[in-house]
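S.K.: here is my input; please provide its structure:
(one chain, ligands or ions: 2)
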Amino acid sequence: MLQTILPERLTRLSDTEMDARIRAARAELGGRLVILGHHYQRDEVIKFADVRGDSFKLAQWAASRKDAEYIIFCGVHFMAESADVLSADYQKVLLPDMSAGCSMADMAEIDQVETCWEDLERVTSEQIIPITYMNSAASIKAFCGRNDGAVCTSSNAPAVMRWALERSRKILFLPDQHLGRNTAYSLGLRLEEMVVWDPYEEFGGNTAETLKNSRIILWKGHCSVHQRFLPQHVAQVRSSYPGIRVIAHPECRFEVVQLSDDVGSTEHIIKCLTQSPAGTKWAVGTEIHLVNRLKKENPDRFVIPLDDCGCLCSTMFRIDPAHLLWSLENLLEGQVVNQITVPADVVASARVALNRMLEIAL
Ligand code: 13P
Ligand code: SF4
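M.R.: Ligands and ions are numbered 1, 2, ... in the order given. Presented below is the predicted three-dimensional model:
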């Protein structure tokens, strides 16, 4: 579904008028609505979120709170899809701007994944467990549900991978090669036991022999925001700010994660930083809106982005106050705009994979 161009009467509002109208519409909708906000949302939007969180926390919320009729998801498309899968049938999930996608999620298409699976089944009779990162389309989650696999997020990837390794020695990890590699390595697997599957190459760019011997097959996907952080950025901040602690999101490259002091989801990053003693210095390898917010909310700590250009997630940025207001005022008029509806046949299997993730302890 394409995003409708917003009427000028909304886009021309001053910041003060915009805020006042959002607040008024939100108040009128009361308990019928909940606004979920991912940590990468801009300040002008996140301030209206009833619940803030990483992908895991927001998915848990969507699965457990059946009281709100409407869920406005200030985040990206795959998050809203997951909320639709996990919420009750009577709840409606809205994404304020339909162009808020995720380039990483787009790197794995269901037809490519099915082809990969058929090829793998041809080279090995061993059981393979598919794990998909939350940052993927609902159809890929459904594929994992159908094939005894699970979903993971950046906060529970080690637990989900451990769960899979208790059942099989072979995993297909979709679509983020970095999260897959970082997680498998942290669990003691060697880099030589991992191969990358390039969907645009015959056999993923591998031989039957290497596929047969490998334990972790990493889909060739990445986050363009996190992949920009490089080992030299770690070296630079360490030499400029002696004693600085480097914390990275696990979507960063393996080399960057290896050089960091800590690694974890957005929620983990926030927790580590806010619980550190005053005066601690931090270089943070994640999206710039979260880094700037951490800096602002922790004036007694020194916080900088890991690189000096400050990587922005342009799709998270699509959600702005005007689109939020447009969604809210339409709801007040009885119109549900930008509803995210996952087809029923996909919902059933995607729910299996998502529920498996929720059942696996962190
Ligand atoms: P978190 O689950 O850590 O919030 O990450 C989501 C995401 O898209 C990071 O790029
Ligand atoms: Fe996708 Fe990267 Fe943006 Fe996260 S930061 S939503 S993985 S593009």
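S.K.: for whatever residue of the stretch 51-200 of the chain ends up closest to ligand 2, give me the pLDDT.
M.R.: Going by Cβ to the nearest ligand atom, ligand 2 is nearest to Cys102 of the stretch 51-200 of the chain, at 3.3 Å. Bear in mind the C-beta positions are built from the backbone N, C-alpha and C, glycine included. Confidence at Cys102, expressed as pLDDT, is 98.
S.K.: all strands for this protein, in order.
M.R.: Applying DSSP state E to the chain gives strands spanning 33-38, 51-53, 70-74, 92-94, 128-133, 150-152, 170-174, 194-197, 216-219, 245-248, 262-263, 281-285, 302-305.
S.K.: contacting residues around whatever residue of the stretch 151-300 of the chain ends up closest to ligand 2?
M.R.: Residue of the stretch 151-300 of the chain nearest ligand 2, by Cβ to the nearest ligand atom: Cys223 (3.3 Å). For Cys223, the contacting residues are Ser103, Met104, Asn135, Asp176, His178, Glu251, by Cβ atoms under 8 Å, 6 or more residues apart in numbering.
S.K.: ok, now how distant is it from ligand 1?
M.R.: 5 Å (Cβ to the nearest ligand atom, to the nearest Å).
S.K.: likewise for Leu13?
M.R.: Counting by Cβ to the nearest ligand atom - Leu13 and ligand 1 are separated by 29 Å.
S.K.: just Arg253 next, same as before
M.R.: In terms of Cβ to the nearest ligand atom, Arg253 sits 14 Å off from ligand 1.
S.K.: identify the residues contacting the residue lying closest to that residue once chain neighbours are set aside.
M.R.: Leaving aside its sequence neighbours, Arg253 sits nearest to His178 (Cβ to Cβ, 6 or more residues apart in numbering; 5.8 Å). Residues counted as contacts of His178 (Cβ under 8 Å, 6+ apart) are His222, Cys223, His226, Gln227, Pro250, Glu251, Cys252, Arg253, Phe254, Val257.
S.K.: in a markdown table, list the residues you listed along with pLDDT and distance to Arg167.
M.R.: Listed next are the contacts of His178 as a markdown table, based on pLDDT from 0 to 100; distance: Cβ to Cβ, whole Å:
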| residue | pLDDT | distance to Arg167 |
| --- | --- | --- |
| His222 | 98 | 27 |
| Cys223 | 98 | 28 |
| His226 | 98 | 29 |
| Gln227 | 96 | 30 |
| Pro250 | 98 | 22 |
| Glu251 | 98 | 25 |
| Cys252 | 98 | 28 |
| Arg253 | 98 | 29 |
| Phe254 | 98 | 25 |
| Val257 | 98 | 26 |
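S.K.: among those residues, which one lies nearest to Thr341?
M.R.: Taking Cβ to Cβ as the measure, Thr341 lies nearest Cys223 of the contacts of His178, at 26.1 Å.
S.K.: find me the pLDDT at Ala361, would you?
M.R.: 69.
S.K.: mind listing what the closest residue to Val234 other than its chain neighbours touches?
M.R.: Spatial nearest neighbour of Val234, chain neighbours left out: Leu259 (4.3 Å); criterion: Cβ to Cβ, 6+ apart. In this structure, Leu259 makes contact with Pro231, Val234, Ala235, Val246, judged by Cβ under 8 Å, 6+ apart.
S.K.: noted, bye for now.
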